[in-house]
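A.B. asks: curious how this folds, go ahead:
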Amino acid sequence: MDRFQELTAFIAVVETGGFSAAARKTGDSQSGISKAVNALEKRLGVALLHRSTRKVTLTEQGQKYYERTKPLLDEIQVADGELTSSVQTVSGLMRIAAPSTFGRLHVLPLIPELLSQHPGLRIDLVLSDALRDMIEDRIDLAIRISQINDPDSVVRRVTGTSLVCAGSRRYFEQHGIPETPADLADHNCLIYGEMTEWPFTGPEGHFSVPVRGNLSSNSVETILAGVVAGVGIGLFHRASLVGEFQYSDVITVLDEFMHEPRDISLVWPKRRFVPTRVRRATDFLASALSKRIQDGKINYPPLAP
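C.D. replies: Below you'll find the predicted structure:
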């Protein structure tokens, strides 16, 4: 017999004054309540109740046991209630992580509507190009633009975005426009992170070319600034360049070699119970981001000609 079941039956009998009333309160059968209390007394080796045809009362040992165990059962019920409330109600703090530029352009503009729909929600938006450890950094939900092979995470693909090579007109007027990926060997390529080889797709399939340049950074924003300033050519996800495409000075090159979209996904830690706030935010962002970015086509703002 489960100890919790025994304790619940015992306290119900004490508080209702009988086995039949306890059965009505708990939804169990009278025989089930009786068996649970008998099992508890047998396990403890003492009689907890005086039984008569008219009423049920506590023994001295039963009174002491009731006084010690009643607060414990109350605490369990309070904990159950708090957990149930947190699972069903969209409230509390939620940490959302996203790449810095993508988050600024596409996630941040969606946050006001999310908060408007769920006034009890609080958002901590973590914008960083570093791949965060979701458990260590207490991340509830992350937006990733990459292939994800993490058995401890749940992945929900939202849409895709293509890679693009981009530079300023000023740069190309001075250094020429590369006609093939191999031509990048003669250009100043701005390196993000450790991407010293850039991937392309040609008639014979996927291939990569080594690149080099005089500016590298672990920040997409820095590489973007370098491109806008005419320092060199950068490799980006198209979704991260949408703001810069508003300016006719920034153009893409080698588009015919860029065909494979990169997945944009929502990721959260794998666990048995997913809080309602995470599920609701996931559904909201999946819908909103898919409308905003549809497999590489940016719907906001429009690209400059």
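
A.B. asks: using PDB, write out every CA atom in stretch 151-171.
C.D. replies: Coordinates of the C-alpha atoms in stretch 151-171 are reproduced here as PDB (Å, rounded to 0.1, in the frame of the first residue of the first chain):
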ATOM      1  CA  PRO A 151      19.800  14.600 -27.400                       C
ATOM      2  CA  ASP A 152      18.900  16.700 -24.300                       C
ATOM      3  CA  SER A 153      16.900  19.300 -26.300                       C
ATOM      4  CA  VAL A 154      13.600  19.400 -28.200                       C
ATOM      5  CA  VAL A 155      13.800  21.100 -31.600                       C
ATOM      6  CA  ARG A 156      11.000  22.700 -33.500                       C
ATOM      7  CA  ARG A 157      11.900  23.900 -37.000                       C
ATOM      8  CA  VAL A 158      10.200  27.200 -37.800                       C
ATOM      9  CA  THR A 159      11.500  28.100 -41.300                       C
ATOM     10  CA  GLY A 160      14.800  28.500 -43.100                       C
ATOM     11  CA  THR A 161      17.100  31.300 -44.300                       C
ATOM     12  CA  SER A 162      19.700  31.200 -47.000                       C
ATOM     13  CA  LEU A 163      23.300  32.200 -46.700                       C
ATOM     14  CA  VAL A 164      24.400  35.300 -48.700                       C
ATOM     15  CA  CYS A 165      27.800  36.900 -49.500                       C
ATOM     16  CA  ALA A 166      27.400  40.700 -49.200                       C
ATOM     17  CA  GLY A 167      29.500  43.800 -49.600                       C
ATOM     18  CA  SER A 168      29.200  47.500 -50.200                       C
ATOM     19  CA  ARG A 169      29.100  49.100 -53.700                       C
ATOM     20  CA  ARG A 170      32.100  51.100 -52.600                       C
ATOM     21  CA  TYR A 171      34.100  48.000 -51.900                       C
END
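
A.B. asks: what mean pLDDT does that stretch have?
C.D. replies: For stretch 151-171, the per-residue pLDDT values average out at 91.

A.B. asks: do the same with stretch 25-45
C.D. replies: 91.

A.B. asks: again with stretch 215-233
C.D. replies: 93.

A.B. asks: buried residues in it, which are they?
C.D. replies: Residues of stretch 215-233 classed as buried by neighbour count (16 or more other CB atoms under 10 Å): 215-217, 220, 222-228, 230-233. Every C-beta, even on glycine, is put in place using the N, C-alpha and C of the backbone.

A.B. asks: and stretch 90-109, by the same measure?
C.D. replies: Residues of stretch 90-109 classed as buried by neighbour count (16+ other CB under 10 Å): 90-91, 94-107.

A.B. asks: of these, which pair is most distant in space?
C.D. replies: Comparing every pair within those by CB to CB identifies Ser91 and Thr101 as the most remote, at 30.2 Å.

A.B. asks: give me the contact list for stretch 124-137.
C.D. replies: Counting by CB atoms under 8 Å, 6 or more residues apart in numbering, the neighbours of stretch 124-137 from elsewhere in the structure are 93-101, 103-104, 107-108, 111, 139, 142, 152-153, 193, 218-220, 267-269.

A.B. asks: try 10 Å
C.D. replies: The set of residues that contact stretch 124-137 without belonging to it, under CB atoms under 10 Å, 6 or more residues apart in numbering, is 93-104, 107-108, 111, 138-142, 144, 146, 150, 152-153, 192-193, 217-223, 267-271.
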